[in-house]
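S.K.: Predicted model and sequence below, questions to follow.
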Amino acid sequence: EDQVTQSPEALRLQEGESSSLNCSYTVSGLRGLFWYRQDPGKGPEFLFTLYSAGEEKEKERLKATLTKKESFLHITAPKPEDSATYLCAVLGQAGTALIFGKGTTLSVSS
Amino acid sequence: DARVTQTPRHKVTEMGQEVTMRCQPILGHNTVFWYRQTMMQGLELLAYFRNRAPLDDSGMPKDRFSAEMPDATLATLKIQPSEPRDSAVYFCASGLPLSGDNEQFFGPGTRLTVL
């Protein structure tokens, strides 16, 4: 059974304090690993798709990396506007839709 | 600016009542998903349509939930009868599988409270 576990559940950072969020997964034939950002009261917003181990993608202060067992979302010098819940999801070979983790809620204070 | 729209945004109803949620996918997208989000379970897939045909509704309680796509611009999720445990935020998402990143675009959600 495809499964996604995210850690930590919550993370508090000071503005400028870099850190990483973890997404561990088990899946039969990874077709893609997805990162989404969700703000309170809104739907998830797409950030990245990673397809194979070793792949990296960047967007502003965010960089996503992928290994065969996990993905990291690195946040460099975060700002308060980066505060949100970050969701990881996988699409497996046998699956028809994304399997989501429960997310990491990031709070960045100035 | 193309986006997925959902109505209503909020719904409060009493146990036993019928609830219908509507979704307008992004024009041209041929896949539509219904998800439910709760604090305990996170985001769970309820149903998945491609080219208006239901491909996977295994996550949906069949005795009370039904999902349809009457046409390419409208998807509906119906609960009859509703129960307090159905209280959650229901999201619709649409996508185009052959696009570069396979991303799904989510609507703003319908927050359902069943008393």
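M.R.: Thanks, I have it.

S.K.: Neighbours of the residue lying closest to residue B:22 once chain neighbours are set aside, how many?
M.R.: Spatially, and ignoring its direct neighbours in sequence, residue B:22 is nearest to residue B:7 (5.0 Å; Cβ to Cβ, 6 or more residues apart in numbering or on different chains). Glycine gets a C-beta too; all of them are placed from N, C-alpha and C. By other Cβ atoms under 10 Å in any protein chain shown, the residues close to residue B:7 number 13.

S.K.: Over to residue B:27?
M.R.: Residue B:27: 9 neighbours (other Cβ under 10 Å).

S.K.: How much space separates it from residue B:3?
M.R.: Relative to residue B:3, residue B:27 is positioned 10 Å away (Cβ to Cβ, to the nearest Å).

S.K.: And the residue nearest to residue B:22, how far from residue B:25?
M.R.: Taking Cβ to Cβ, one finds residue B:7 at 13 Å from residue B:25.

S.K.: where does the residue nearest to the spatial centre of chain B land in three-state SS?
M.R.: Against the mean C-alpha coordinate of chain B, by Cα atoms, centre = their mean, the closest residue is residue B:34 at 3.0 Å. Classification of residue B:34 by DSSP: H, G, I helix; E, B strand; the rest coil places it in strand.

S.K.: likewise residue B:6?
M.R.: Taking three-state DSSP, the label given to residue B:6 is strand.

S.K.: wouldn't it be in contact with residue B:106 here?
M.R.: No - Residue B:6 is not in contact with residue B:106 according to Cβ atoms under 8 Å; the separation is 9.2 Å.

S.K.: shared neighbours of these two, anything?
M.R.: B:91, B:92 (Cβ atoms under 8 Å, 6 or more residues apart in numbering or on different chains).

S.K.: neighbour count winner among the two?
M.R.: residue B:106 (24 against 20).

S.K.: Contacts only, for the more buried one.
M.R.: So residue B:106 contacts A:36, A:43, A:44, A:45, B:4, B:35, B:91, B:92, B:93 (Cβ under 8 Å, 6+ apart).

S.K.: quick one: contacts for the fifth one?
M.R.: To tie it back to what came earlier, the one meant is residue B:4. Taking Cβ under 8 Å, 6+ apart, one finds A:43, B:23, B:24, B:25, B:26, B:92, B:93, B:94, B:105, B:106, B:107 in contact with residue B:4.

S.K.: Okay, and the beta partners of the residue of chain B found nearest chain A?
M.R.: When scored by Cβ to the nearest Cβ, chain B has residue B:106 as its residue closest to chain A, at 3.2 Å. Per DSSP bridges, the residues bridged to residue B:106 are residue B:93.

S.K.: distance between the ends of stretch B:59-77?
M.R.: One end of stretch B:59-77 sits 13 Å from the other (Cα to Cα, to the nearest Å).
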